[in-house]
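**Q** What follows is a protein structure lacking sequence information:
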């Protein structure tokens, strides 16, 4: 007999057209009458919020008066009042509220309507609201809402989220707090959001990110990736029966996502962020955990360098850390200190390290990172660390403010605490103003060489600096003319203490040798010519070359580990990943070609030319003798000089192919294909 008098049951006063201004006024009246959330009215509020989103999307495309009324009544304030209530049913309403906002911002097409929604700062208030993130639905809709907002960022809308005067950017700072969330979809959304923020290229906003969040975020991100790597290594060690294949697949996929995310940041070519990220990656992850793990399984008595030289490298690494901190190098760390820390230092198995490094070189192409890693793998030995690298690090980093320890360790503060500590307004901003995206030092195609931060010759011929020149250093604060002068003075100072060849022991002829040859007397030239002619008559066999190259490799522990892993007598487990690493390293565009020559063509020019005089097989020799005329000299006729090659590497690759041809071989086809 009587109709229901509920707002949605009876329909008294409810407009028939669901998409109209009158319907929005009707829903506004409902919100006014239900300001307090309870179990009895939460269903009404949820339905009202859902309908409001539909009407606003319709009004965005058909009737601008809908948004006018929405702003006139300040309806977002009702959303805030609902969220801030702690009574029963508020969590249920918050889920619908976040879903409504997500749908609304995702479907808004008119920029004017978008500006209306963002104009009164209510959105930022919603972002910083303390939701109950233990509720999975709340967490999912909240992070989806933030990601949707990040998709709307551009040079105009960024100012609605980033307040330059108060140095506040809640959309970014609140989102990155969930970078290590247990749910993978949340982590993916955070990575997407950060990339959307970085792409805006707003100078003031990027300066805020550099000063307030870059170091805390990247240090905690690197630590999170490192912990993930240790978990992956533990899974490999404990999966002898292959029962954890799915878990291992998930861990590998997650790690590849991290590498692609890092590469995406680096490819945006934002120097301030790249410098900080590069420094933390090299100092806190790639060198101490990836590269040092290459020698983690080496037996103490298998090679003379295993205990003595590895400890020497560790001692020198600690002394480099002292240089980074501005301490005096006159009080070096002792080997006893290294031995005491050796048991507690995290590491992964050699196989995992080979796999991880191969993925780094396959995915990341940022020059300073991949060139630094390649240099350490191919060239690092005790002599180079003592005589070359310390000089360059001392020149470029001794005055830097940021001190990043060269070890895999947990950050002192969690990301949330670090952001809170850096949010004070009494922070000392001493770094220079960010002037927009440009290429620093490495990429010569898009950079004016007269104003780059680091001379490209030093980058390609020495141990790469992990952070180039710090923005806060004295060099960065000088004028362009002073910068060029100081760079040239640094080059001159470094060249006094280092060979001027592109890389130590690279075999590439240096300019100093050419100058010295032009200044010698005629008598000295005659002596040199006679000495070279006598040396050319000596028979250089392949065995001699292999023996000499083996002695050279003994001085380079990381490269020796890779080459030793090519042994397939028992199986090709390590060899497959070692070949993947060599393949990725050689084909990486960020690695300097002269550095690769030290791996592929390590012989000096005179040794390379002598390859042409090495005697061939007996059958070929008999053919030559049969074709000679009587009285012809038996001296081998020098052939056209051929390019040198790494005889030791080729010897190991040929050994793999020979083993693959045997019936009982354990060499897989993929290993054979990579070796060929």
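**A** Received it, and whenever you're ready, just let me know what you need. Just so it is clear, the model here is predicted, and its values are computed rather than measured. Residues are numbered from 1 along each chain as shown.
**Q** so what does the strand or helix carrying residue 581 touch, helix or strand wise?
**A** Assigned by DSSP states H and E, residue 581 belongs to helix 573-587. Counting by 3 or more CB pairs under 8 Å, 6 or more residues apart in numbering; DSSP states H and E, the packing neighbours recorded for helix 573-587 are helix 350-363, helix 557-564, helix 593-600, helix 669-675. Every C-beta, even on glycine, is put in place using the N, C-alpha and C of the backbone.
**Q** I'd like the mean pLDDT over the last one, please.
**A** Predicted confidence along helix 669-675 averages 80 (mean pLDDT).
**Q** now what about that helix, what contacts it?
**A** Contacting residues not belonging to helix 669-675 are listed as 568, 572, 575, 576, 579, 580, 583, 653, 656, 657, 660 [CB atoms under 8 Å, 6 or more residues apart in numbering].
**Q** my read: residue 268 touches residue 198, true?
**A** Yes: under the criterion of CB atoms under 8 Å, residue 268 lies in contact with residue 198, with a separation of 5.3 Å.
**Q** between those two, what contacts are shared?
**A** With CB under 8 Å, 6+ apart, residue 268 and residue 198 have no common neighbours.
**Q** quick one: which of these two has more around it?
**A** Neighbour count, other CB atoms under 10 Å: between residue 268 and residue 198, residue 198 has more, with 19 against 14.
**Q** who are the neighbours in contact with the more buried one?
**A** Here residue 198 is in contact with 206, 209, 265, 268, 270, 273 (criterion: CB under 8 Å, 6+ apart).
**Q** Please identify which of the contacts of helix 669-675 is nearest to residue 183.
**A** Among these, residue 580 lies closest to residue 183 (CB to CB), at 31.3 Å.
**Q** what's near enough to touch that closest one?
**A** 354, 355, 358, 362, 674.
**Q** Who wins on neighbours among these?
**A** Ranked by the number of neighbours (other CB under 10 Å), these place residue 354 first, at 27 neighbours.
**Q** which residue packs closest to that one, ignoring adjacent ones?
**A** Spatial nearest neighbour of residue 354, excluding adjacent residues (CB to CB, 6 or more residues apart in numbering): residue 577 at 3.8 Å.
**Q** What is the burial count for the one you found?
**A** Other residues close to residue 577 by other CB under 10 Å number 24.
**Q** Do I have it right that residue 60 meets residue 68?
**A** No: with contacts defined as CB under 8 Å, residue 60 does not count as touching residue 68, sitting 11.9 Å away.
**Q** more neighbours, these two?
**A** Counting neighbours by other CB under 10 Å for residue 60 and for residue 68 shows that residue 60 has the greater number, 21 against 13.
**Q** Then that one would be within a helix, right?
**A** Yes: when classified by DSSP: H, G, I helix; E, B strand; the rest coil, residue 60 is found to be part of a helix.
**Q** Please report the distance of it from residue 113.
**A** 5 Å (CB to CB, to the nearest Å).
**Q** overlap in contacts of those two?
**A** Here residue 60 and residue 113 have residue 67 as joint contacts, going by CB under 8 Å, 6+ apart.
**Q** List the buried residues for the one helix or strand residue 190 maps to?
**A** Applying DSSP H and E as the criterion places residue 190 in helix 184-198. Of the residues in helix 184-198, 186, 187, 188, 189, 190, 191, 192, 193, 194, 196, 197, 198 count as buried by neighbour count, 16 or more other CB atoms under 10 Å.
**Q** can those residues go into TSV with extra columns for pLDDT and distance to residue 105?
**A** Listed next are the buried residues of helix 184-198 as TSV, based on pLDDT from 0 to 100; distance: CB to CB, whole Å:
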residue	pLDDT	distance to residue 105
186	93	19
187	93	22
188	94	19
189	94	14
190	94	18
191	94	20
192	94	15
193	95	13
194	94	18
196	94	13
197	94	16
198	94	20
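**Q** any chance of these in JSON lines, plus distance to residue 564?
**A** Listed next are those as JSON lines, based on distance: CB to CB, whole Å:
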{"residue": "186", "distance to residue 564": "42"}
{"residue": "187", "distance to residue 564": "37"}
{"residue": "188", "distance to residue 564": "39"}
{"residue": "189", "distance to residue 564": "43"}
{"residue": "190", "distance to residue 564": "41"}
{"residue": "191", "distance to residue 564": "37"}
{"residue": "192", "distance to residue 564": "42"}
{"residue": "193", "distance to residue 564": "44"}
{"residue": "194", "distance to residue 564": "40"}
{"residue": "196", "distance to residue 564": "45"}
{"residue": "197", "distance to residue 564": "45"}
{"residue": "198", "distance to residue 564": "41"}
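**Q** out of the residues you listed, who's nearest residue 649?
**A** After measuring the buried residues of helix 184-198 against residue 649 - CB to CB - the closest member comes out as residue 191, at 38.0 Å.
**Q** pretty sure that closest one is touching residue 262, no?
**A** No: proximity of residue 191 to residue 262 does not meet the contact threshold set by CB under 8 Å, at 9.8 Å.
**Q** Number of residues surrounding residue 40?
**A** Residues within reach of residue 40, counting by other CB under 10 Å, total 10.
**Q** For residue 163, grab phi and psi.
**A** Backbone torsions of residue 163, given as degrees, to the nearest 10, read phi -100, psi 110.
**Q** What is the neighbour count of it?
**A** Residue 163 has 14 nearby residues by other CB under 10 Å.
**Q** Report the separation between the closest residue to it other than its chain neighbours and residue 269.
**A** Computed as CB to CB, 6+ apart, the closest residue to residue 163 that is not its neighbour in sequence is residue 169, at 7.4 Å. Distance of residue 169 to residue 269, computed by CB to CB: 21 Å.
**Q** ok, the two, which is more surrounded?
**A** Comparing residue 169 with residue 269 by other CB under 10 Å, the one with more neighbours is residue 169, at 21 against 16.
**Q** ok now do residue 28, which residues does it touch?
**A** Here residue 28 is in contact with 69, 73, 75 (CB under 8 Å, 6+ apart).
**Q** Narrow those residues to those that are buried.
**A** Buried by 16+ other CB under 10 Å: 69, 75, out of these.
**Q** Nearest to residue 108, out of the contacts of residue 28: which one, please.
**A** Closest approach to residue 108 among the contacts of residue 28 (CB to CB): residue 75, at 14.9 Å.
**Q** right, and that closest one touches residue 52 too?
**A** Yes: between residue 75 and residue 52 there is a contact under CB under 8 Å: 7.2 Å.
**Q** So which of the contacts of residue 28 are in helices?
**A** Members of those lying in helices (criterion: DSSP state H): 69, 75.
**Q** Would you format the contacts of residue 28 as JSON lines with pLDDT and distance to residue 593 included?
**A** What follows is the contacts of residue 28, written out as JSON lines (pLDDT from 0 to 100; distance: CB to CB, whole Å):
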{"residue": "69", "pLDDT": "88", "distance to residue 593": "66"}
{"residue": "73", "pLDDT": "85", "distance to residue 593": "66"}
{"residue": "75", "pLDDT": "84", "distance to residue 593": "62"}
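**Q** picking that back up, residue 15: which of the contacts of residue 198 is nearest?
**A** Using CB to CB, the contacts of residue 198 come closest to residue 15 at residue 209, 47.2 Å.
**Q** From residue 292, how far out is the closest one?
**A** Taking CB to CB, one finds residue 209 at 31 Å from residue 292.
**Q** what do you get for residue 123?
**A** 47 Å.
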